[in-house]
Structures are given as C-alpha cells and as structure tokens.
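S.K.: Sequence first, then the predicted structure, then my questions.
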Amino acid sequence: MWDAFITLMINALLFIYNLIGQNFGWAIIIFTVLVRVVTYPLTAKQMKSSKAMQDLQGSKEWNDMQTKYKNDKEGLAQKQMEIYKEKGISPFGSCLPLLVQFPVIIGLYQAIIRTLAVTPIQLVNLSKHINDGANLIPINSQFWWMELSEPERLPILGVAVPVLAILVLISSYIQTKMVTPPGGAGDKAQGAQMTQAMTLYMPFFMGYLAMTFASGLALYFIATNLATIAQYVITGQANFKNILPKLPSFGQQEK
Amino acid sequence: MIKNKKILFIIILAVVALTLGACSGRRVVATGWSGITVNEETVYFSYGPHAYALNLKNGAQQWQFPAEPINGVDFYAAPVLADENSQLLVAGYDSVLYSVNPANGSENWSFGSAENRYVAPPLATEEGIFAANSDNNLYALDFDGLLQWEFATEDPLWASPIWSENCGCIYQASMDHYLYAINPENGKLIWKSEDLGGPIVNNPSISEDGLIVLATFNNEIIAIDEENHQVEWRFQTSDWAWATPVINGDQVYASDISGTFYTLDLQSGETLWQLQPGGGIYSSPLVQDGMIYFSTDTSSLVAVSQEGVVQRNQPIEGKLYASPVGAGDKVLLAPSESDYFLLALKESGVQVWGYPQPE
C-alpha cells in the first residue's frame, strides 16, 4: 500500500520533471501545488474549523463563561466541551488536518530522495518504482544554488547560511499564525493549548528538518507554506493581525 | 491531561523526524555495495566506513582503513593496487581518493579535489592513476597523488575507466550516454561514440580483436568497433542492462535487472542461450574453471555451465549486488544486508570462511 503510494508519487514527479524540461526544483514546486489542490478538502475543513473557533472565542457566551468559571478550571473545561459539542466544533479541528498531512510529507520526501538516486542502492530502488524513464536518469538535482539531494547552505561572506531553513521557519511561523485562532487571555481549553503549542514548536521543527535533510524537502515546505497562505488570502480568511506578537496595551499596563 | 497532550504532540514530531531520517539519502549512508580485489594471499574490500584487508586463506582481518570510523566517510568501490602493488587506492563517498600502504593500511596521501562520491574503482596503469567521480569528471593523478589533468563529461561517472592496449587510450563510459576515448598523457579526447541511447553505469569490456561491449539503461548491450568507432551490433534486453558484460572467447555474458542472463555471440550479438533463475541481476558474472557464476538480488548464487545448464542455484543470506570474484579455487561474495561482509566459498558451494560484520 505504502509502496504503491510512493510509486505513484515518484512517477508523478518524473512526469512533471520531464514535462517542464527536466528541472527537478520546479517539478517539486509544481507537484506541491498539485498536492495542495488534491488535499484541499482537508485544508478547507481546517479553515472552516478555525473560523468557527475564532467566532466562538469572540462571542459573548464564551467570554461570560470564562468569567463565570475563572476559579474553577475543571468546570471551565467541562463547560467548554459542552459548548464545543453543542456548536459541533472540534477543538482539534485545526490541528488534525495538519497531522493527516504528515504521511504526505513523508511520502513526498521519500519520493524526492528516491527519485534523485545519487547512489547505486538508491538507483536500484528507483528502478523498482519506474517502468520507463531510464533516459531521465541521472536526475538533474541542481536548482539555483542548491543541490536538492543535500542539505542546503549558501556561503554569504564566508559563512554557510541555511537560507532555505530560515525561509521555512519564517513561512511556517506566518502560516501557522495566520491559520491559528487567537486564544483568549484566560483560555485554558485543551484544544487551544495544543494549538498554541503547535504554533510555537512547529516552525522550529520544520526549520530543523529543512536544515538537516535534503533541500528538496525544504523546497517542498516553502512551497506548501506559501500555497497555504495564498489559499487563506484568496478565501479572505487570512488572520494578519495574528502574525505580530501581541504587546500589552497601555490600558492593560495601568491596570 | 494538558501535559499529556503536549507530550503526545512532541512524540508525534519526534516520530516524523525519525521517519524522515530513516529514509533520507544523506544521513543514512549504507547506499552502495562492496567491491573486492584479490592479490595473492590478501583480499581487499570496502564496505561502509572502512576498507579492509583480510587473509585469503582464513578470512582473518589484517587491518582496516581508517582505523576508526569517521562521520560521513564511507567506502564502496573496490580498492585497487597501484604502482607495482606499493599502493592501495581506496575511493570514498566523501569525494576523497586515498592511497594507503597495502601492508598495514597506513595512509600515504589523499586527493580531495573532486566534488562528489567515488562510486567507481579507479584505474591504475604504468602511466598513473585515473579516477572517475560522480562530479562528472575523470581525474588523472601521478603516483604521489598530484593532479595531472581532468576530463569533463556531462553527467556523473559511475563506470571505471578502462585501459585499451589496442588504441593506447582510456575508455570512459558516462551516464551522459557516451563512451569517450581519452589520451592518457594529456587528457585530450581522441574520439567519442554516438549517443548510445541511455546512461552507462559500468565499464565496458574489450575483446582481443578490438570490440568494445557495454551495457546501457536503454535496455541494450552494444558492441562498438575500436578501429572505426562504429556500432557493430545492438542486442535488446528486457530491462535496464546494469552490469559490465563479460567476454569469454567468442561469447559475451550479459544480464538485465529483471533477472535475465544472456549469452551472446561476440561477433553477431545473437542470443546463444538465456535463462532467468529469479531476481534482478546487477553484477557481472565470474568465469572460473569452465563454470559461470552470477548472483541475483534475491540472494542466490547461480552456477551455470558454458552450455547454459544450471548446475546450482545456491541461496545466500543477504542481497547479492556485488560481482562474485574468483580467488584460486575460491569464489568470494560480498553480500549486502547480511551478517557477513564477505564470504569465501569452494567452487562446490561449501563455505570456507566468512568475515562477519564487526561489532
């Protein structure tokens, strides 16, 4: 099953690679956009769930509940769950579609590495996934300054800077902030906690992966982040206010 | 509860990181198969972080190079004796070609100007050392490791250069579909073949009367005349032809990765007989004492008579990507994914010794 999935991805990548003049970097980007289109139902669900959560957390009912149960954490959590159930909102609704995409990320990464096949064993493995395409080998793995089968570093003033990893970190941060509903100051709901943790850790985690593994994966991360941001902007659900860290207002300081 | 969720989240991230790591190309480096060289009483081979010298009689280790593994340094190409056997050339995946003392494994010099892996073993002649690299270049060095010239092709070089007595030149096959004839003194191109239709990942063989036979990923075995540089015949295989064809008298032994083993007539390229014992074939056959030995990636060593009658189909633990190598009355095998790095068998198939994976 998994092997068939990888075979499908490899052949799709090779098809695009050949179609666009044998540029593997662009093949990854185009393939990523196609994957985003295919997984759009998941993204749409995530966006809908986020919006519902945003609306709920800005409602009077929600704020009244926060005030009422401010000294009763268990009661608050129980009441929140009741409201979620009543409104048909899943507190993990914005997280789960992201987690579901992990197999796609892993599959795409395996497809990229197997297709690049820079060693004999990798080429043996690739030969078992493709029926045709011998003339596409070796795959041109150079894309701008990058060798897509290797971790990326760009020498700037004598320092090897992981440019892609930095771009992945920034774009992941913007993307997760943009899609994350703003939690209230006293919001201790488990779902919100999870979402906040994800917002904090995910960009660094993605940046770490981009810095450590083949740059083809980093290219995928950037492309998929930008595609997600574009989807939110196009559908009018981008939450730009969320991107910058919130500073306490003067009014709050005086209190 | 909240704390548990955070832990679960971190575990999910760690699992994803490990999963990616397990399938990455750069961090998991066991990505080649072993090459073997035999000299009198010693067998040299490379696998993973070391090149090894073993006693041919009993498989006892004499030395390993480097003494301790170095992060990111791996060896798979067969070590090559050079300079009247005073040097052993060990080509690394770290882009470095090392010369070591064959007696004790101490380093003489290293050449680090290449920019990619050495998949192919270098060629050593009386004139010097010729090392093909995955950075598309063929490097010519003297016996002190000093660069004499370099020759560029369009794609990575996984095939070893070979020396031709007939033309006094070096032939280099490339993944760019071409065969190049190169002057060994100055690195100038003498002639270049027509586009052979597919990548070539192994070196050609040359017959005594000047026929160059090679295998391509375009599902072909091709013979080229050394004198007029023209293609003499083409033979269609059923899949990619990976291994170097072996010439034995007026026969050519070739194979493809679907597992068909072909015996062709050297002059015409017509099939004399073929068989398919199961599994893909990535390595060249060994012809020894009237028997043909070849291995498959489904872990069997097949012994066939020169008339095409299978004498034995012997299961071996691990995957057999590396070519069997003859050593007197022994057949040496270097299985991958096995408890043994190297096996010495009698021609009857009985194991003489095995060199286990070091702890």
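M.R.: Cool, got the structure. Numbering: from 1, shown residues only, chains lettered A, B, ... in the order given.
S.K.: How about the contacts made by residue 147?
M.R.: Since no chain was named, I'll use chain A. A:141, A:215 (Cβ atoms under 8 Å, 6 or more residues apart in numbering or on different chains). All C-beta spots, glycine's among them, are computed from the backbone N, C-alpha and C.
S.K.: try chain B instead
M.R.: Applying Cβ under 8 Å, 6+ apart, we find B:Leu147 in contact with B:111, B:113, B:139-141.
S.K.: May I ask which two of the residues you listed are separated the most?
M.R.: Using Cβ to Cβ, the contacts of B:Leu147 reach their maximum pairwise distance at B:Ser113 and B:Ala140, which is 11.6 Å.
S.K.: pLDDT below threshold where in chain A?
M.R.: Within chain A, the stretches with pLDDT under 70 are A:93-98, A:100-101, A:179-196, A:244-255.
S.K.: same check, this time on the stretch 201-350 of chain B
M.R.: By pLDDT under 70, the stretch 201-350 of chain B has no low-scoring segment.
S.K.: Quick check: the residue of it nearest chain A.
M.R.: Taking Cβ to the nearest Cβ, chain A has its nearest neighbour within the stretch 201-350 of chain B at B:Phe217, 3.9 Å off.
S.K.: contacting residues around that residue?
M.R.: A:134-135, A:137, B:198-201, B:240-242.
S.K.: what mean pLDDT would you report for stretch B:89-109?
M.R.: Mean pLDDT, stretch B:89-109: 97.
S.K.: Tell me, how many residues neighbour B:Tyr139?
M.R.: A count of neighbours around B:Tyr139, defined by other Cβ atoms under 10 Å in any protein chain shown, yields 24.
S.K.: for it, helix, strand, or coil?
M.R.: At B:Tyr139 the chain is in strand, as set by DSSP: H, G, I helix; E, B strand; the rest coil.
S.K.: Need the max-distance pair from the contacts of B:Phe217.
M.R.: Farthest pair in the contacts of B:Phe217, by Cβ to Cβ: A:Asn135 and B:Trp242, 15.3 Å.
S.K.: more crowded one of the two?
M.R.: Between A:Asn135 and B:Trp242, counting by other Cβ under 10 Å, B:Trp242 is the more crowded of the two (27 against 12).
S.K.: so how many other residues sit close to the closest residue to the more buried one other than its chain neighbours?
M.R.: Leaving out its chain neighbours, the residue that sits closest to B:Trp242 by Cβ to Cβ, 6 or more residues apart in numbering or on different chains is B:Tyr282, at 4.9 Å. Other residues near B:Tyr282 number 28, with proximity taken as other Cβ under 10 Å.
S.K.: Near chain B, which residues of the stretch 1-150 of chain A? Just list them.
M.R.: A:99, A:102, A:105-106, A:109-110, A:113, A:116, A:118-124, A:127, A:134-135, A:137-138, A:149-150 (Cβ under 8 Å from any Cβ of the partner chain).
S.K.: rerun at 6 Å
M.R.: A:102, A:106, A:109-110, A:113, A:119-122, A:127, A:134, A:137-138, A:149-150 (Cβ under 6 Å from any Cβ of the partner chain).
S.K.: Pick out the most distant pair among the residues you listed.
M.R.: Spatial extent of the residues of the stretch 1-150 of chain A next to chain B (Cβ to Cβ) is set by the pair A:Phe102 and A:Ala134 at 32.5 Å.
S.K.: Including distance to B:Leu147, could the contacts of B:Leu147 go into CSV?
M.R.: Output for these, formatted as CSV (distance: Cβ to Cβ, whole Å):
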residue, distance to B:Leu147
B:Phe111, 7
B:Ser113, 6
B:Tyr139, 6
B:Ala140, 7
B:Leu141, 6
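S.K.: Buried only: go through the residues you listed for me.
M.R.: Those of the contacts of B:Leu147 that meet the buried threshold are B:111, B:139-141, by 16 or more other Cβ atoms under 10 Å in any protein chain shown.
S.K.: so which of the residues you listed comes closest to chain A?
M.R.: The nearest one, if we look at the buried ones among the contacts of B:Leu147 relative to chain A and count by Cβ to the nearest Cβ, is B:Tyr139, at 19.0 Å.
S.K.: Surely that closest one touches B:Glu150?
M.R.: Yes: if you go by Cβ atoms under 6 Å, B:Tyr139 and B:Glu150 touch, sitting 5.1 Å apart.
S.K.: coming back round to it: counting neighbours, go ahead and name the busier of A:Phe102 and A:Ala134.
M.R.: Under the neighbour definition other Cβ under 10 Å, A:Phe102 and A:Ala134 were set side by side, and A:Ala134 has more, 18 against 15.
S.K.: Wait, a strand at B:Tyr52?
M.R.: Yes: judged by three-state DSSP, B:Tyr52 forms part of a strand.
S.K.: how far away is the nearest residue to it once chain neighbours are set aside from A:Phe15?
M.R.: The shortest distance from B:Tyr52 to any non-neighbouring residue, by Cβ to Cβ, 6+ apart, is to B:Gln64 (5.1 Å). Distance, B:Gln64 to A:Phe15, using Cβ to Cβ, to the nearest Å: 45 Å.
S.K.: just A:Gly88 next, same as before
M.R.: Computed as Cβ to Cβ, the A:Gly88 to A:Phe15 distance reads 41 Å.
S.K.: Between the two, tell me which one has more neighbours.
M.R.: Counted by other Cβ under 10 Å, A:Gly88 and A:Phe15 do not tie: A:Phe15 has more neighbours, with 14 against 8.
S.K.: and the more buried one, helix, strand or coil?
M.R.: Applying three-state DSSP: A:Phe15 is helix.
S.K.: And it, how far from A:Asn131?
M.R.: As judged by Cβ to Cβ, A:Phe15 and A:Asn131 stand 12 Å apart.
S.K.: residues contacting the residue nearest the centre of chain A?
M.R.: Nearest to the mean C-alpha position of chain A, by Cα atoms, centre = their mean, lies A:Asn225 at 5.7 Å. A:Asn225 sits next to A:171-172, A:175 when contact means Cβ atoms under 6 Å, 6 or more residues apart in numbering or on different chains.
S.K.: Please determine how far the nearest residue to B:Ala132 once chain neighbours are set aside is located from chain A.
M.R.: Residue nearest to B:Ala132 in three dimensions, not counting chain neighbours: B:Leu157, with 3.7 Å by Cβ to Cβ, 6+ apart. From B:Leu157 across to chain A, the span is 11 Å (Cβ to the nearest Cβ, to the nearest Å).
S.K.: Confirm that B:Leu157 sits in a strand.
M.R.: No: applying three-state DSSP, one finds B:Leu157 to be coil, outside a strand.
S.K.: number of nearby residues for it?
M.R.: By other Cβ under 10 Å, 30 other residues sit near B:Leu157.
S.K.: and it, backbone torsions?
M.R.: Per-residue torsions, B:Leu157: phi -110, psi 110 (degrees, to the nearest 10).
S.K.: and it, what pLDDT?
M.R.: So B:Leu157 comes in at 98 (pLDDT).
S.K.: my guess is it contacts B:Phe130, does it?
M.R.: No: in this structure, B:Leu157 is not within contact of B:Phe130 by Cβ under 6 Å, at 10.6 Å.
S.K.: What segments of the stretch 151-255 of chain A are strands?
M.R.: For the stretch 151-255 of chain A, the strands defined by DSSP state E, counting those that start in this stretch cover A:154-156, A:159-161.
S.K.: How far off centre is the first one?
M.R.: Here the centre of mass of C-alpha atoms in strand A:154-156, compared against the chain's by Cα atoms, centre = their mean, to the nearest Å, lies 26 Å away.
S.K.: can you check stretch B:352-359 too?
M.R.: Distance, centroid of stretch B:352-359 to centroid of chain: 21 Å (Cα atoms, centre = their mean).
S.K.: for stretch B:305-318, same thing?
M.R.: 21 Å.
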